[in-house]
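K.L.:
I need the structure of the sequence given here:
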Amino acid sequence: MNLFERQLTLWVGLCIVAGIALGKIAPDLAKTLDGMSIMVNGAPVVSIPIAICLFFMMYPIMVKIDFGEVVKASRNPKPVLLTLIVNWGVKPFIMLAIATLFLGGFFKDLLPGTEVVKDGSTVELYRSYIAGAILLGIAPCTAMVLVWGHLAKGNQGLTLVMVAINSLTMLFLYGLLGGWLLGVNKMPVPWEALLLSVGIYVALPLVAGYFSRVWIMKAKGPEWFAEKFLRYLTPVSITALLATLVLLFSFKGETILANPLTILWIAIPLTIQTILIFAITYAAAKLLHFSYEDAAPSALIGASNHFEVAIATAVMLFGLSSGAALATVVGVLIEVPLMLMLVRFCQRTKGWFGAGAATH
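P.N.:
This is a model prediction of the structure:
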């Protein structure tokens, strides 16, 4: 884990401060950038500067995925099946239930107000925050989970297989599942924008990552790709993420200053959901007699979120200034400390599992 990744929570915290300050100094800058959009039927659909920023956030992640690993899934199918069931059949619904219970129930009176989202609809703020939580819940992590698996000393071969399969599954299920659950939350569901979002922020970097990976490895070799190309590319993703966060918080500064506990209220259900999904998967792995090396990455990939996809989709569907976008950023804020805590838990409970034949 490099300095950027290790101190991600610190960088996000600094971006909050920088964004709020930018909103005070140049209140029209972020709005101007967000307004430079591709128009569909007279409505702004894709903000060009934000799309460029978000593409560079996604591409470095996608180029790391080795889809050749998918063929190895048949050698060790149970952990892969467990993560697919948890990520796509359990986690999205638990996230919706917990976010609705806390943000739409316990904390509803603490999150007053409404906002106008990108399609012109007026929605209650708490529903917008729940929408952000939903977008996080349907996006299993396919990037930093490699770091979490490595730190937990899990089966990295299996982690690569799960990352590749979940990335392909996301291509087909993210839009459909997201649209349905957002509708359940009574948020406007601009299907054209949602499917366009999947195309731009999942399919395009996935295809670009695959072909550029094949071309670079053929031209320069696997060693140059791993040690040179990826070494300089990884900070690009984090830098693009942080630039997006500064813009986002330049919009939300007044909301946060007026109600500084908003981030805390959003963080509580996200934290509970992460720990619960980890516990469910880890317990299932124990019951299914997984080895520790297979159990740890299975539980970690379910617990962590692909916050880059969630942020990109929230911005495209509801706008950079939306509550949904803010909720996805809170997901970034809690990701690193929470996942490091779960990694340490894995290490300390390694003895719960028998030794197995890990597939490396």
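
K.L.:
Every contact and neighbour count from this point should use C-alpha atoms.
P.N.:
OK.

K.L.:
can you give me the strands in this protein?
P.N.:
37-40, 43-47, 114-116, 122-124 (DSSP state E).

K.L.:
Which of these comes out lowest on mean pLDDT?
P.N.:
Lowest mean pLDDT within the strands of the chain: strand 43-47, a mean of 61.

K.L.:
Return the distance of Ile301 relative to Ala267.
P.N.:
According to Cα to Cα, to the nearest Å, Ile301 stands 19 Å off from Ala267.

K.L.:
which of these two has more neighbours?
P.N.:
The neighbour comparison of Ile301 against Ala267 (other Cα atoms under 10 Å) goes to Ile301, with 29 against 21.

K.L.:
residues touching that one, list them.
P.N.:
Applying Cα atoms under 8 Å, 6 or more residues apart in numbering to Ile301 gives the contacts 83, 140-142, 145.

K.L.:
In helices only, show me those residues.
P.N.:
Among the contacts of Ile301, the members falling in helices (DSSP state H) are 83, 145.

K.L.:
Kindly indicate which of the contacts of Ile301 lies nearest Lys220.
P.N.:
For these, the closest approach to Lys220 (Cα to Cα) belongs to Thr142, at 24.9 Å.

K.L.:
how far away is Glu335 from Leu342?
P.N.:
Going from Glu335 to Leu342 by Cα to Cα gives 11 Å.

K.L.:
Over to Gly23?
P.N.:
Counting by Cα to Cα, the gap from Gly23 to Leu342 is 35 Å.

K.L.:
Also Phe353?
P.N.:
Per Cα to Cα, Phe353 is found 16 Å from Leu342.

K.L.:
Over to Tyr201?
P.N.:
From Tyr201 to Leu342 the distance is 28 Å (Cα to Cα).

K.L.:
neighbour count winner among these two?
P.N.:
More crowded of Tyr201 and Leu342, by other Cα under 10 Å: Tyr201, with 25 against 22.

K.L.:
Now do the helices in the stretch 201-350 of the chain.
P.N.:
Listed in chain order, the helices of the stretch 201-350 of the chain (DSSP state H, counting those that start in this stretch) span 204-220, 222-224, 230-258, 262-287, 292-303, 307-318, 323-348.

K.L.:
Tell me which of those is the most buried.
P.N.:
helix 292-303 (a mean of 29; mean count of other Cα atoms under 10 Å).

K.L.:
tell me the average confidence for that one?
P.N.:
Mean per-residue pLDDT for helix 292-303: 88.

K.L.:
how far off helix 323-348 does it point, in degrees?
P.N.:
Orientation note: helix 292-303 sits at an angle of 170 degrees relative to helix 323-348 (axes from the mean of the first three to the mean of the last three Cα atoms, to 10 degrees).
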